[in-house]
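Visitor: Kindly generate the corresponding structure for this input.
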Amino acid sequence: MIRTAVSALAALALALPLAAQEVPAPVALAPGEIVAAAAPQDWTLIAPNDLLVMTLAPAADGTAREVVIQLMPPPFSQGWVDNIRTLARAGWYDGISINRVQDNYVVQWGDPNVDNPEADGPAKPLPAGLKVMDERHYSFTGAAMEQLREEFLEKARKRAEIGAANTKGQRRAREATRAGSPTVFIPSLSPPLFVVEKDPHAGAASFTQGWPIGMSRSAYWPVHCYGMVGVGRSYSPDTGSGAELYTVIGHAPRHLDRNIALVGRVVEGIEHLSSLSRGTGALGFYEDPAKRVPIRSIRIASDLPEGEKPRFEYLSTESESFARYAEARANRRDPFFIVPAGGADICNIPVPVRRVVADGE
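Guide: Numbering: from 1, shown residues only. Here you go, the predicted structure:
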C-alpha cells in the first residue's frame with residue numbers, strides 16, 4: 001500500500017515544475033539558492049546531546065583537525081547510539097586511532113588491536129554496561145512503521161488533491177511558451193514530501209526527521225550515503241558495540257543497508273577524514289602503525305564547557321523549503337544545466353546542515 005501511494009506521489013514530486021502561481025522569472029533557482037532563502041522556522045536545531053566532537057591529532061603542518069558527528073534520533077539504532085554515549089563519557093575513545101582508509105569506500109577508527117590484521121598489542125578493555133544489539137534493529141517495523149506509513153499516505157492524499165491544478169498549470173505553461181511568452185511555474189509542494197521512486201535498493205526512498213531512508217511495504221531503514229557513520233562489526237551474529245566506527249568517503253555503498261547499524265553522519269570536518277592517505281593493507285588497513293592517525297578525544301557536545309559547544313541545525317525535511325530544494329536537486333534548471341535529469345538518487349540529495357554562530361562570535 002505504501003508503494004502505491006509513493007508511486008503516485010513520486011510522479012508529482014519529480015515532474016516538471018508544478019503550477020501554483022505564474023511569475024515572469026525565466027531563471028530557476030539553484031538548490032543552494034533555495035536553501036539560502038529558507039525561512040528561519042524551516043531549520044531544526046540539533047540537540048547538543050546528539051553531537052559528537054572528535055579531535056584528531058594535528059596534521060603534519062600543525063593544522064587542527066576536528067570532526068563533528070550528528071547521532072541518529074529515535075527510533076534509529078538507539079542501542080548503539082546509547083553505547084556510543086557511554087563510550088564517549090567513559091573516555092574510552094581517547095587514544096584510539098584511525099586504522100583503515102579504503103579508497104572510494106570508508107574511513108574506520110577504533111582500537112587498533114581489535115578486528116585488525118595489523119594488530120600489534122592487547123585489546124583495550126571496554127566499559128561495563130554496553131548493550132548487545134540484535135540484527136532486527138538494522139531496520140524498523142511495527143508501530144513506528146505504521147505511523148510513518150500513515151503520515152506518507154495522508155500527505156499523498158493531500159498532494160493528489162492538487163493534481164488537477166498542477167496539470168492545468170503545466171498546460172498553461174506550454175501554451176504560453178508556444179505563444180512566445182515563457183513563464184516559470186513555482187510548484188505548490190504543501191504538504192511537503194519528496195520521494196525517490198524505483199530506488200534500486202528499496203521499494204522507494206525518502207526522508208524523515210532529517211535523515212534519508214529506504215522503504216519497503218513493511219519496514220524502513222537509514223541508508224549509506226556519503227558521510228554517514230556506521231558501526232564496525234565481525235561476522236553475524238555479531239552486530240558491533242559502537243567501539244569501532246566508520247564513515248563513508250566514496251560512492252554510496254547501499255549494499256550495506258540493513259546489514260550494519262548506521263548511527264549518524266558527519267556534519268563538519270569530513271575533509272579531515274576523506275583526505276587521509278589510503279592504507280595499503282587488506283581492506284585499506286595501515287600496515288605501518290606509524291600511519292595510524294591518533295584520536296585525542298571524542299566528546300558529547302552537551303558535556304563540553306558552554307563556550308566550546310558547537311551548534312548546528314538542519315533544514316527540516318518536512319518543510320516546503322526542503323521539498324523545493326530536493327526537487328531542484330533532482331531536476332536542475334538553473335543556468336548551467338541544459339536537460340533536467342528527471343530524478344535523483346536519494347544520496348544525491350544531501351540534507352543541508354549549517355553551523356549556528358552566536359551573536360558576537
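Visitor: could you give me the average pLDDT of stretch 83-103?
Guide: Regarding stretch 83-103, the rounded mean pLDDT is 98.
Visitor: what about it, distance to the chain center?
Guide: 21 Å (Cα atoms, centre = their mean, to the nearest Å).
Visitor: buried residues in it?
Guide: Within stretch 83-103, the residues that qualify as buried are 83-88, 92-93, 96-102, counting by 16 or more other Cβ atoms under 10 Å. C-betas here are computed from N, CA, C, even on glycine.
Visitor: Stretch 303-317 now?
Guide: Applying 16+ other Cβ under 10 Å to stretch 303-317 flags 309-310, 312-317 as buried.
Visitor: Nearest to residue 340 among the buried residues of stretch 83-103?
Guide: Nearest to residue 340 among the buried residues of stretch 83-103: residue 102, at 34.5 Å, using Cβ to Cβ.
Visitor: circling back: give me the subset of the buried residues of stretch 83-103 that lies in strands.
Guide: Among the buried residues of stretch 83-103, the residues falling in strands (DSSP state E) are 97-101.
Visitor: thinking again about what came up before, would JSON lines of the buried residues of stretch 303-317 with secondary structure and distance to residue 67 be doable?
Guide: Shown next, in JSON lines, are these (DSSP: H, G, I helix; E, B strand; the rest coil; distance: Cβ to Cβ, whole Å):
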{"residue": "309", "secondary structure": "coil", "distance to residue 67": "16"}
{"residue": "310", "secondary structure": "coil", "distance to residue 67": "11"}
{"residue": "312", "secondary structure": "strand", "distance to residue 67": "13"}
{"residue": "313", "secondary structure": "strand", "distance to residue 67": "18"}
{"residue": "314", "secondary structure": "strand", "distance to residue 67": "17"}
{"residue": "315", "secondary structure": "strand", "distance to residue 67": "21"}
{"residue": "316", "secondary structure": "coil", "distance to residue 67": "24"}
{"residue": "317", "secondary structure": "coil", "distance to residue 67": "23"}
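Visitor: So among the residues you listed, where is pLDDT lowest?
Guide: Lowest pLDDT among the buried residues of stretch 303-317: residue 317, 92.
Visitor: unless I'm mixing things up, that residue is touching residue 208, no?
Guide: Yes. With contact defined as Cβ atoms under 8 Å, residue 317 reaches residue 208; the gap is 6.7 Å.
Visitor: hmm, back to that, which of the buried residues of stretch 83-103 sits closest to residue 235?
Guide: residue 100 (17.0 Å).
Visitor: Hmm, residue 278 and the closest one touching each other?
Guide: No. Taking contacts as Cβ under 8 Å, residue 100 lies outside contact range of residue 278: 9.5 Å.
Visitor: any common contacting residues for those two?
Guide: Shared contacts of residue 100 and residue 278 (Cβ atoms under 8 Å, 6 or more residues apart in numbering): residue 284.
Visitor: Closest to residue 45 out of the buried residues of stretch 83-103?
Guide: Among those, and counting by Cβ to Cβ, the member closest to residue 45 is residue 85, at 18.8 Å.
Visitor: could you list every residue that touches that closest one?
Guide: 49, 71, 300 are the contacts of residue 85 under Cβ under 8 Å, 6+ apart.
Visitor: Would you write out the PyMOL command that picks the buried residues out of those residues?
Guide: This is the PyMOL syntax for the buried subset of the contacts of residue 85, where burial follows 16+ other Cβ under 10 Å:
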select buried, resi 71+300
